[in-house]
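S.K.: coordinates for the following, if possible.
(2 chains)
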Amino acid sequence: MLNFVEIKDQMKSDSIALSFKGNVTFELVDSIIIIISDKLDAIESDINTRKKMYGILTECLQNLCNHTDDKTAEINSNYDIKSVAISVTSTDTNYEIKTGNFVSTERSVQLKSRVDEVNSKDKDGLKALYNQILTNKVFSDKGGGGLGFIDIARKSGEKLEYDFQKVDEKYTFFSLKIKVNKK
Amino acid sequence: MENLVIEPKNKTPKINFDSANGLMEIMGISCAENSVDFYKPVIEWIETYKKEPQAATMVEINYKYFNTSSAKCILDMLERFVNLKNHGTNVTINWYYETDDEEMFDAGSNFSEILEMPFNLIKVE
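M.R.: Sure thing, here's the model as predicted:
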């Protein structure tokens, strides 16, 4: 949770701050990306950093959207299961993108092993894994190609940080933190 | 055969395929959440062109950005362009990237390696 000092720090002219919690649609994803891209165009002079941020955000948000529909409309007594959270912040040295969403506990096991696999690879290992999946000619019915986390990790250049918290028998909250270093 | 012209939208690129001149141009952004639908007619057009291609086929590709959902479709499309050379046409692939855009340069050289066909990697200001 943000405290007030952190909120004040985010009022610095070179910081970028956006947080959102709620149901996400592809239309909303487009709007969020436009807002952040405009801000980045203004504060980030390095084209590669801007493009990395744009790419990572696109992958993260499309991931969140693709997996929202998996859920039935049932509401957990404490949590809005269809809701997602995203925040983008900037410090002197890096940008940080954080996302959070509910996944079925079954899916959380697959997710963990996928992110662990990505984190176990160095730069060349990530390229090899990317090409292996790129050339496998498998498309999911949602158009995802299984390349999202690999692409995010390659763009970030840092390990992906994550956390899984079980909220009830069916659902687990998955949070992901991605860093992009400033040049 | 008819030309294929698709105007760009905020998440899909401009397509301008001219069969009479053997010139195929793609430019812009490709980041639809499900790219398969967008590339389907593009791929079908290439398959039709393959039946009666021009002596020379020039493919001009200028992506500003593509997402991972597009990556597999782009590979599929490029593979079909490359395979045209087995159907009596001389294929040239020009891959454009903006100055300093290392990722788009790498993407072009990676596709070229996978497909075992040299691309002209061309820097644009």
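
S.K.: spell out which parts of chain A neighbour chain B.
M.R.: Contacts of chain A with chain B, taken as CB under 8 Å from any CB of the partner chain, map to A:26, A:29-30, A:47-48, A:51-52, A:54-55, A:58-59, A:62, A:65-66, A:127, A:131, A:134-135, A:137, A:139, A:142-145, A:147-148, A:150-151, A:155. C-beta here means a position set from N, CA and C on the backbone, and glycine is covered the same way.

S.K.: for the chain, what's the longest helix?
M.R.: No chain in the question, so chain A it is. Determined from DSSP state H, the single longest helix within chain A is helix A:47-66.

S.K.: oops, chain B please
M.R.: Max-length helix for chain B by DSSP H is helix B:68-83.

S.K.: what's the neighbour count on whatever residue of chain B ends up closest to chain A?
M.R.: Closest contact between chain B and chain A, by CB to the nearest CB, is at residue B:34 (2.9 Å). Neighbours of residue B:34 under the rule other CB atoms under 10 Å in any protein chain shown: 18.

S.K.: which of the residues in the longest helix of chain B are classified as buried?
M.R.: Residues B:68-82 are the ones in helix B:68-83 that count as buried (16 or more other CB atoms under 10 Å in any protein chain shown).

S.K.: do the same with stretch B:93-106
M.R.: Going by 16+ other CB under 10 Å, stretch B:93-106 has these buried residues: B:93, B:95, B:96, B:97, B:101, B:103, B:104, B:105.

S.K.: where is pLDDT lowest across those residues?
M.R.: Of all these, residue B:101 carries the smallest pLDDT score, 89.

S.K.: wait, that one sits on residue A:47?
M.R.: Yes: using CB atoms under 8 Å, residue B:101 is in contact with residue A:47, at 6.4 Å.

S.K.: have a look at chain B and report its longest strand.
M.R.: Assignment by DSSP state E gives strand B:56-66 as the longest strand of chain B.

S.K.: mind listing the strands for chain A?
M.R.: Under DSSP E, chain A gives strands at A:18-22, A:84-90, A:94-104, A:161-166, A:171-181.

S.K.: same question, chain B
M.R.: In chain B, the segments counted as strands under DSSP E are B:4-6, B:14-18, B:23-30, B:56-66, B:90-98, B:120-124.

S.K.: got TSV for those, with distance to chain A too?
M.R.: Shown next, in TSV, are those (distance: least, CB to the nearest CB, whole Å):
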stretch	distance to chain A
strand B:4-6	18
strand B:14-18	18
strand B:23-30	10
strand B:56-66	7
strand B:90-98	7
strand B:120-124	13
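
S.K.: pull the number of nearby residues for residue B:5.
M.R.: Residue B:5: 11 neighbours (other CB under 10 Å).

S.K.: that one reaches residue B:19, doesn't it?
M.R.: No: in this structure residue B:5 lies outside contact range of residue B:19 using CB under 8 Å: 11.4 Å.

S.K.: pull the number of nearby residues for residue A:126.
M.R.: Residue A:126 has 19 neighbours, counted by other CB under 10 Å.

S.K.: quick check: closest non-adjacent residue to it.
M.R.: residue A:154 (5.1 Å; CB to CB, 6 or more residues apart in numbering or on different chains).

S.K.: do I have it right that the one you found meets residue A:130?
M.R.: Yes: contact criterion CB under 8 Å: residue A:154 and residue A:130 qualify, at 6.7 Å.

S.K.: still on that earlier bit, would you turn the strands of chain B into TSV with distance to residue A:98?
M.R.: Formatted as TSV, these follow (distance: least, CB to CB, whole Å):
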stretch	distance to residue A:98
strand B:4-6	36
strand B:14-18	35
strand B:23-30	25
strand B:56-66	22
strand B:90-98	29
strand B:120-124	35
